[in-house]
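> sequence? don't have it. structure:
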């Protein structure tokens, strides 16, 4: 079913590869390879935070 709206509605998409777990953060696979660009944006190209993968 389609509904025509009188004005555009903003849509926000959240892409997460980490979540809170009972023993600390849990890191998931990054199927779209977006983590390296995000790490470079926040920590610089030469400095990356390394986290253990915890499926």
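Okay, I see it. Small disclaimer: the values here were computed from a predicted structure and weren't measured.
> Now do the strands in this structure.
Counting by DSSP state E, the chain has strands at residues 18-21, 24-27.
> Quick one: these as CSV, columns for mean neighbour count and distance to residue 7 too.
Using the backbone N, CA and C atoms, a C-beta is placed for each residue, glycine as well. Converted to CSV, the strands of the chain look like this (neighbours: other CB atoms under 10 Å; distance: least, CB to CB, whole Å):
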stretch, mean neighbour count, distance to residue 7
strand 18-21, 10, 34
strand 24-27, 12, 39
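> Tell me the spacing between the residue nearest the centre of the chain and residue 40.
Central residue of the chain (CA atoms, centre = their mean): residue 16, 3.1 Å from the mean position. Residue 16 sits 18 Å away from residue 40, going by CB to CB, to the nearest Å.
> Just put the strands of the chain in a markdown table and tack on mean pLDDT and distance to residue 1.
As requested, the strands of the chain are exported to a markdown table (pLDDT from 0 to 100; distance: least, CB to CB, whole Å):
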| stretch | mean pLDDT | distance to residue 1 |
| --- | --- | --- |
| strand 18-21 | 89 | 32 |
| strand 24-27 | 88 | 37 |
